[in-house]
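Asker: could you work out the structure for the sequence below:
(chains A and B)
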2 protein chains.
Amino acid sequence: MKRNTLRCIREIKRRKLDSLLISSAANVTYLTGFREAEGYLLVTREGQMVYFTNFLYAKEAQQYPAWKVAVSNNNIFNMVKIYIKKLKLKKVGFEAKLLPFLEYEKIKDSLTPQGVDFIKTIDLIEDLRAVKNRSEISLIKESVKISEQAFEFIREIYDDTMTEKGLSIEIERFLRLKGDNRVAFAPIVAGGKNSALPHYQPAEVRLDKKFFLIDLGSKYCGYCADLTRVFFWGKMPILFRKIYDIVKGASCAAISKVKAGIPAKEVDKAARQFIDKKGYGRYFGHGLGHGIGLSVHERPYLTPRNEDVLGEGMVLTIEPAIYIYNKFGIRIEDMVLVKQGKAEVLSGHANW
Amino acid sequence: MKRNTLRCIREIKRRKLDSLLISSAANVTYLTGFREAEGYLLVTREGQMVYFTNFLYAKEAQQYPAWKVAVSNNNIFNMVKIYIKKLKLKKVGFEAKLLPFLEYEKIKDSLTPQGVDFIKTIDLIEDLRAVKNRSEISLIKESVKISEQAFEFIREIYDDTMTEKGLSIEIERFLRLKGDNRVAFAPIVAGGKNSALPHYQPAEVRLDKKFFLIDLGSKYCGYCADLTRVFFWGKMPILFRKIYDIVKGASCAAISKVKAGIPAKEVDKAARQFIDKKGYGRYFGHGLGHGIGLSVHERPYLTPRNEDVLGEGMVLTIEPAIYIYNKFGIRIEDMVLVKQGKAEVLSGHANW
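Answerer: Modelled structure (predicted):
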């Protein structure tokens, strides 16, 4: 059995459950390596695994040896009920952050007459996923490398007749050729004042201002990268330079704070205070960063009110920003690993 | 106010609610045209609209004039509660198929002390979306056109040194250059026996068998296409030809059955019986098709047990298939519009 499955079973026991019904595809991948399907995985404290899926994914699921596959096209929850009875389970956990209400209700209603408790769990596997093992770290490093190569690629191909959308298409093609067939998220290409919109969607707008912000991330063997750089051709206006240096300073302040045992919000605070003191606090309206792995955004979250604590082996983004609406936005996003009590910067922080 | 919003309000009233809290991004787009953000939209029976989102999307949301934007980075549900109180709402519907259990619980727990009922709704807006208006139909037609051009493009660029993944990357690039920045779904490119896996993911496998299946779909102004073709170079083996003709026959049988007022499952049955009679029933394990619009898969569903009834203005995929595991699979997927009592085939059914 895979080590991650063993960790999950330990957690199931610790929470006094006898099983967990997993609806998150990323969690299924984490436990088994099986990717990209729609289905539910039941894991028991005895280590049995049953994967419930439909005809579309049945053959692929059956190739995976560690579980039993139960196929239903009509009523998958009835099948879940049958297995729960067969395995004599009485305390079945579910993933409350993901399971839609209607599915919750259907499963609960079918289990209650059998005397089975259907019990809310929060982040049971997500807690485990926050800490990466050696093999995960090496996959993440490879993903970071591909994403950094994409920035080089952008420097090579950019010309000012390109549109945001056109460039984003070439970036995604590059990331997919080098990495997984899927990217971590749709690349953001925001020219000129569009860079002041944090989650801007690239449009048919020419990149003729010679300034743009790029936020991109590949996947490699399922593991995500997430990096942001701003590009500027020509002489940098004074305000731009000033803001850039503040954001850069905030990034350094935060990274120097990263350490196992530190509350995530302390790291957020280091960057936020830095920006605040320079008078731009209200232009930095989002969290400083987030954990990253099989999902782009995962535990821990580096925000002012989050209660996560950093631990050895966590991988984080550090992405302070200042957005001046209708003018420009600067965000610098790097990825760091918590290692031997401090931050190992995985991306080429400021090497450009 | 947009016509779709009026239809939604009529439905809110009919269901004896005073408002609906919408969590589906596609439903928000349907009512307002606003796209691609994360947030919740509250629509009241009086026509007030409040959009709850966070800093990341705030500026874009505020550019949209028809609603009030409420921004919160910490506790969006507290903000929802405040507005529900302010607007004196007592019967707030929610989308039970989409809202995760934990969010349901948080909102419900905050509303109960205020004496507000938080009421499950199923497919309130999805029911409306099933029937397309003239402008939606013309956008879908454009999306179909782009997707069909992609098949021509494949014929032009294919050579047998390409991999499934490589070809899928070029297809997606093509679809995005011609259509929206996002595709309807990741193109399936399945060479040789991989075509027998209905939701196969393209891999680093050379397309040297001179046979492959492609399932692709662009988006155009938010509207999806979804088409499947099989490609064959050289002399077609007898079994392949035979299976192809059966699938094609099933498609024709189904399309000739499409009519306003007919239960969707009758159309499914027409194709299924055709394939059954030829002795391949057990190789066609999924539904015949589905509605398509702002989502790739939406109401109505053409499956053996679905209770949807076809109506004028619905747009459907018709995708019979036969999968012979470890050999090959044939799926032919077209799109049809229910118009003047019969099917108008939107895609070039068999014109290749």
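Asker: okay, CA-based contacts and neighbour counts for the rest of this
Answerer: Fine.
Asker: look up the closest residue to the closest residue to chain B within the stretch 101-250 of chain A, ignoring the ones flanking it.
Answerer: Closest to chain B within the stretch 101-250 of chain A is residue A:101: 4.6 Å, counting by CA to the nearest CA. Leaving aside its sequence neighbours, residue A:101 sits nearest to residue B:101 (CA to CA, 6 or more residues apart in numbering or on different chains; 4.6 Å).
Asker: hmm, residue A:97 and the one you found touching each other?
Answerer: Yes - counting by CA atoms under 8 Å, residue B:101 does reach residue A:97; the two are 6.4 Å apart.
Asker: now do the contacts for the closest residue to chain B within the stretch 51-200 of chain A.
Answerer: Nearest residue of the stretch 51-200 of chain A to chain B: residue A:100, at 4.0 Å (CA to the nearest CA). By CA atoms under 8 Å, 6 or more residues apart in numbering or on different chains, the contact set of residue A:100 is B:96-101.
Asker: hmm, back to that, neighbour-wise, which of residue B:101 and residue A:97 wins?
Answerer: More neighbours surround residue B:101 than the other of residue B:101 and residue A:97, with 22 against 18 (other CA atoms under 10 Å in any protein chain shown).
Asker: need the pLDDT of the more buried one.
Answerer: Looking at residue B:101, its pLDDT stands at 98.
Asker: now do the phi/psi pair for it.
Answerer: Dihedral pair for residue B:101: phi -50, psi -40, per degrees, to the nearest 10.
Asker: you'd agree residue A:234 is in a strand?
Answerer: No - under DSSP: H, G, I helix; E, B strand; the rest coil, residue A:234 sits outside any strand and is assigned coil.
Asker: re earlier: residues contacting the residue of the stretch 101-250 of chain A closest to chain B?
Answerer: Contact analysis of residue A:101 by CA under 8 Å, 6+ apart lists B:96-101, B:104.
Asker: distance check, the residue nearest to residue A:101 against residue A:99.
Answerer: 6 Å (CA to CA, to the nearest Å).
Asker: walking through the stretch 251-352 of chain A, point out its strands one by one.
Answerer: Listed in chain order, the strands of the stretch 251-352 of chain A (DSSP state E, counting those that start in this stretch) span A:289-291, A:298-302, A:315-318, A:321-324, A:328-331, A:334-339, A:342-345.
Asker: name the helix or strand for residue A:153, please.
Answerer: Secondary structure assignment for residue A:153, by DSSP states H and E: helix A:134-157.
Asker: quick check, that helix touching chain B?
Answerer: No - Helix A:134-157 does not reach chain B (CA under 8 Å from any CA of the partner chain); its nearest approach is 15.8 Å.
Asker: poorly predicted segments of chain A, please.
Answerer: By pLDDT under 70, the weakly predicted segments of chain A are A:1, A:349-352.
Asker: give me the domain ranges for it.
Answerer: According to automatic domain parsing, chain A comprises the domains A:3-129, A:134-345.
Asker: deepest of those domains, which one?
Answerer: domain A:134-345 (a mean of 21; mean count of other CA atoms under 10 Å in any protein chain shown).
Asker: rewinding a little: what two of the contacts of residue A:101 are the furthest from one another?
Answerer: Within the contacts of residue A:101, two members stand farthest from each other by CA to CA: B:97 and B:104, at 11.1 Å.
Asker: quick revisit: using JSON lines, please lay out the contacts of residue A:100 together with secondary structure.
Answerer: Listed next are the contacts of residue A:100 as JSON lines, based on three-state DSSP:
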{"residue": "B:96", "secondary structure": "coil"}
{"residue": "B:97", "secondary structure": "coil"}
{"residue": "B:98", "secondary structure": "coil"}
{"residue": "B:99", "secondary structure": "coil"}
{"residue": "B:100", "secondary structure": "strand"}
{"residue": "B:101", "secondary structure": "helix"}
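Asker: show me which of these is closest to residue A:19.
Answerer: Nearest to residue A:19 among the contacts of residue A:100, counting by CA to CA, is residue B:101 at 18.5 Å.
Asker: contact partners for the residue of the stretch 201-350 of chain A at minimum distance from chain B?
Answerer: Residue nearest to chain B within the stretch 201-350 of chain A (CA to the nearest CA): residue A:285, separated by 5.8 Å. Counting by CA under 8 Å, 6+ apart, residue A:285 touches B:55-56.
Asker: mind doing that once more with 6 Å?
Answerer: residue B:55 (CA atoms under 6 Å, 6 or more residues apart in numbering or on different chains).
Asker: what do you get for residue A:20?
Answerer: With contact set as CA under 6 Å, 6+ apart, residue A:20 has these partners: A:42-43, A:92-94.
Asker: can you tell me the SS state at the residue of chain A positioned farthest from its centre?
Answerer: The centre of chain A is farthest from one residue, residue A:113, which by CA atoms, centre = their mean lies 38.2 Å away. Secondary structure, three-state DSSP: residue A:113 is helix.
Asker: get me the contact residues on chain A for chain B.
Answerer: Neighbours of chain B within chain A, by CA under 6 Å from any CA of the partner chain: A:55-56, A:96-102, A:198-199, A:285.
Asker: and the nearest residue to residue A:6 once chain neighbours are set aside, its phi and psi?
Answerer: Using CA to CA, 6+ apart and skipping residues adjacent in sequence, the residue nearest residue A:6 is residue A:47, 7.9 Å away. When quoted as degrees, to the nearest 10, the phi and psi of residue A:47 stand at phi 90, psi 10.
Asker: what do you get for the one 5 residues further on?
Answerer: Backbone geometry at residue A:52, expressed as degrees, to the nearest 10, gives phi -100, psi 120.
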